[in-house]
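Colleague: Quick check, what structure comes out for this input:
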Amino acid sequence: MKRQISVHMEPALIDQVEKMAQRENRSKSLIIETAVASFFSPGSADRREAAIARRLDLLTRQFERIERDIIIQAEYIRNATRLWMRTQIQINILTAPDKVARAKSHELERQLSRHVARTIARGRNVVQEISEDIEALRREVPNDPPDETKPSDETKH
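Modeller: Below is the predicted model of the structure:
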């Protein structure tokens, strides 16, 4: 004996059920019954779990790329800052009184902050520039280095 169940659904969902019932030439109750059975079937849970696992894998790869980009940027900034500071600090600062050295250091820090802000405002980032540099180098360098074990055309004659 089948029991009747009264269910309230969103109008858009009802429209989808009606359209599918017309396409399949089936009753609306059969369409709903099939959907509910599919939802509760053991394979349904496996499909949902597989979809979640795929999404998590995608997110993991995205976060790994973000982490890599952050590491590259942090390293670039560290090295660029060192180089910039070394080139900006003059030898006489090292022999000047501490107060003057601190004032010059603070000024250099402000200049560096302004420089970084201008670079960011331009919309470029170091990862893009490094990627472009790598691609340019790949185009310049041939993929297959010459095989030195083979005799060249010049040595054959």
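
Colleague: Show me what the host helix or strand of residue 74 is packed up against.
Modeller: Taking DSSP states H and E as the definition, residue 74 sits inside helix 42-88. Helices and strands touching helix 42-88, as assessed by 3 or more Cβ pairs under 8 Å, 6 or more residues apart in numbering; DSSP states H and E, comprise helix 98-121, helix 126-140. Quick note: C-beta positions are derived from backbone N, CA and C, even for glycine.

Colleague: Helix 98-121 and that helix, what's the angle between them?
Modeller: Computed by axes from the mean of the first three to the mean of the last three Cα atoms, to 10 degrees, the angle separating helix 42-88 from helix 98-121 equals 140 degrees.

Colleague: Let me know the angle separating helix 42-88 from helix 126-140.
Modeller: Regarding helix 42-88 and helix 126-140, their directions subtend 90 degrees when assessed with the same axes, to 10 degrees.

Colleague: let's number from 31 now, not from 1
Modeller: Sure, I'll start numbering at 31, so the last one becomes helix 72-118.

Colleague: for whatever helix or strand residue 66 lives in, which positions count as buried?
Modeller: For residue 66, the element it lies in under DSSP H and E is helix 58-70. Of all the residues in helix 58-70, those buried under the rule 16 or more other Cβ atoms under 10 Å are 61-62.

Colleague: What of stretch 86-103?
Modeller: Of the residues in stretch 86-103, those scored as buried under the neighbour-count criterion (16+ other Cβ under 10 Å) are residue 99.

Colleague: where does the protein have low pLDDT?
Modeller: 31, 109, 116-128, 131, 146, 149-150, 154-156, 173-187 (pLDDT under 70).

Colleague: rerun at 50
Modeller: 184, 186-187 (pLDDT under 50).

Colleague: In terms of secondary structure, what does the helix holding residue 66 contact?
Modeller: When contacts are defined as 3+ Cβ pairs under 8 Å, 6+ apart, helix 58-70 packs onto helix 41-54.
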